[in-house]
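Asker: Sequence first, then the predicted structure, then my questions.
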Amino acid sequence: MPISKQRAEKYQYFDKTAHSRHTGYIAILSLTFSAIPMNSRISTTLVAILFTALWGWSHERADAQDTDEDNLEASVVEDADDEPAIAAAKSKSGESEYTLDDSEDAAADALNAKPPDDRRQGGDRRLGADPALRYTDPRTYRLKIIVRVEAPEESPAKNVVVVAPIPRDWPEQKVRLIGRPKFTEGGKYKEFDKPGQCKTFNFQIPQIAAGESAGVELLYEITRWRIEYVAPADELDLPHGVPREVRDQFAGPAPGLEMNHPKIKELARDLKKRHEQAGAWNMVKGFWKWTRDNVEFKNGDFRGALFAIEQHCGDCEEMSALFVSMCRLSNGVARSVWVEGHNYPEFYLIDRQGRGHWIPAQVVGPAWFGEMIEYRPIFQKGDRFLDPFHRKFVRYTPQTVKAEGEVEPKLTVEHEIIADSDINGPSYKNPK
């Protein structure tokens, strides 16, 4: 996104004022230095301390003014309560409110579609295509999301708030909202984005009459690409830390990973010792191969990584959780990717230039390591999300409702993919 004229003028202003400040500081330091006796052994130290303090103070003031202006922009947006479309603004938490697309253009031709590029994304490299990955064979389809809240028959639901995940842009996924969100009259709709993790909407309505319902309907155009890591794998190494955009995912225990259990620790330690001499890529591949070879696929409710080790069975969730746990216990970075009806892991390695790469793996089904052929919409990446109503961390981006009343209202979330047979059949519905 190009920098606005006002923002550009602000940056020019800060450049000029910073130059003026620094010129003034040099003059102050010259006077200070002349006032200190030259035979003083501490004169140089005093001047250095004063210069450091003034320099740091000037930059803190510039940063503070910049932050205050961003917060002011956000507060102006919040005051526009009568507008269903929310203007773009940054918040202190790192989440962003996005302008809702008002266009009614036809779906883009999949053959002409291009993966998101950092130059077209305003320099946001989190959304940009990784040059170490090849993006091919795009598929474009439509996704309809219908969210409905029903008040109980015996009493109204008051001050209703709904939170649910929606798709966002990723290097392998481009998302376009078709038209404007449709929602019940009297309600308010906002979207919040957590870069590197997920995007959610918040729908609020003051009251739903007894036995009545309210809701939101969204229609998206989704383009997804097949991806494959094509750079030299033997040049990759474990990262020195966690990427900034996902640090809160690693700030505490993630549900179901059970990384403190001795059995998971011992398995990760043994496999690391067996494979680490062959390099980071082969060490991670060792975790992947052990999971595929020793855990039999059996569908069911989520039971965690430990269940997969003890029972030698589990579905895509248990197997992904085990793989992610072993990577993290071996100083690696990994996370789960959640698509409609499925989940698979990604791991993060750095090249010799220090550039980081998120690389996919499939622990269930086709033996894909370093590549992924998956076209269903991505709803989140990660394993640890805060439930805003119950104030606890959960494994999935929350889709939940809160209301005042004697009986909690019923929440229904329906996803419908309108696609050809290349995606997942002519169409399907997946009530949540």
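Answerer: That came in fine, so what should we check first?
Asker: count of residues packed around the closest residue to Gln197 other than its chain neighbours?
Answerer: What sits nearest to Gln197 in space, not counting adjacent residues and going by CB to CB, 6 or more residues apart in numbering, is Gly382, at 4.9 Å. Yep, even glycine has a C-beta here, placed from its N, CA and C like the rest. If you count neighbours by other CB atoms under 10 Å, Gly382 ends up with 23.
Asker: just checking, what packs against whichever strand or helix holds Phe323?
Answerer: Applying DSSP states H and E as the criterion places Phe323 in helix 316-329. Under the contact criterion of 3 or more CB pairs under 8 Å, 6 or more residues apart in numbering; DSSP states H and E, helix 316-329 touches helix 262-275, helix 280-294, helix 305-311, strand 333-339, strand 342-350.
Asker: Tell me which other helices or strands the first one touches.
Answerer: In other words, helix 262-275. Using 3+ CB pairs under 8 Å, 6+ apart: helix 262-275 touches helix 280-294, helix 305-311, helix 316-329.
Asker: how far off helix 280-294 does that helix point, in degrees?
Answerer: Angle, helix 262-275 to helix 280-294, by axes from the mean of the first three to the mean of the last three CA atoms, to 10 degrees: 130 degrees.
Asker: avg pLDDT for helix 262-275?
Answerer: Helix 262-275 shows a mean pLDDT of 95.
Asker: Looking only at that helix, what residues are buried by neighbour count?
Answerer: Ile264, Leu267, Ala268, Leu271, Lys272, His275 (16 or more other CB atoms under 10 Å).
Asker: Would you tell me which one of these comes nearest to Val216?
Answerer: Closest approach between the buried residues of helix 262-275 and Val216, by CB to CB: Ile264, at 39.9 Å.
Asker: Give the full set of residues in contact with the closest residue to that closest one other than its chain neighbours.
Answerer: Nearest residue to Ile264 in three dimensions, chain neighbours excluded: Ser325, at 5.5 Å (CB to CB, 6+ apart). By CB atoms under 8 Å, 6 or more residues apart in numbering, the residues touching Ser325 are Leu257, Glu258, Met259, Ile264, Ala268, Ala305.
Asker: So which of the helices and strands packed on helix 316-329 is nearest Pro388?
Answerer: Using CB to CB, the nearest of the helices and strands packed on helix 316-329 to Pro388 is strand 333-339, at 18.3 Å.
Asker: which residues sit against that closest one?
Answerer: So strand 333-339 is contacted by 239, 242-243, 246, 249-250, 284, 317, 320-321, 323-324, 327-328, 343-348, 360, 374, 376-383, 396-397 (CB under 8 Å, 6+ apart).
Asker: Tally up the residues packed near the residue lying closest to Ala321 once chain neighbours are set aside, please.
Answerer: Using CB to CB, 6+ apart and skipping the chain neighbours, the partner closest in space to Ala321 is Ala305 (4.1 Å). By other CB under 10 Å, the residues close to Ala305 number 29.
Asker: Next one, pLDDT for Ala305 please.
Answerer: 94.
Asker: correct me, but it touches Glu317?
Answerer: No - using CB atoms under 8 Å, Ala305 makes no contact with Glu317, being 9.4 Å away.
Asker: So for Lys392, what's the pLDDT?
Answerer: Lys392 is given a pLDDT of 87.
Asker: again with Glu245
Answerer: 84.
Asker: same question, Tyr396
Answerer: 86.
Asker: repeat for Trp57
Answerer: The model's pLDDT for Trp57 equals 46.
Asker: How about Leu177?
Answerer: pLDDT, Leu177: 96.
Asker: neighbours of it, just the number please.
Answerer: Leu177: 19 neighbours (other CB under 10 Å).
Asker: again, but for the one 10 residues further on
Answerer: Burial measure for Gly187: 19 neighbouring residues, criterion other CB under 10 Å.
Asker: Next: Asp351.
Answerer: Residues near Asp351, counting by other CB under 10 Å: 15.
Asker: Nearest residue to it in space, please, no chain neighbours.
Answerer: Glu235 (5.5 Å).
Asker: And Arg292, by the same measure?
Answerer: For Arg292, the spatially nearest residue (CB to CB, 6+ apart) is Val363, at 5.9 Å.
Asker: returning to that earlier point: looking at the helices and strands packed on helix 262-275, which is nearest to Ala231?
Answerer: helix 280-294 (10.6 Å).
Asker: Quick one: mean pLDDT for that closest one?
Answerer: pLDDT averaged over helix 280-294 gives 97.
Asker: likewise stretch 190-207?
Answerer: 94.
Asker: Flag every buried residue along it.
Answerer: 190-205, 207.
Asker: related to what we said a few turns ago, need the winner for burial among the helices and strands packed on helix 262-275.
Answerer: helix 316-329 (a mean of 26; mean count of other CB atoms under 10 Å).
Asker: Now do that helix against strand 333-339, angle only.
Answerer: Using the same axes, to 10 degrees, helix 316-329 lies at 160 degrees relative to strand 333-339.
Asker: Leu218 contacts Ile145, doesn't it?
Answerer: Yes - assessed by CB under 8 Å, Leu218 is found in contact with Ile145 at 4.5 Å.
Asker: Between these two, which has more neighbouring residues?
Answerer: Leu218 (23 against 20).
Asker: what residues are up against that one?
Answerer: Per CB under 8 Å, 6+ apart, neighbours of Leu218: Lys144, Ile145, Ile166, Leu177, Pro181, Lys182, Phe201.
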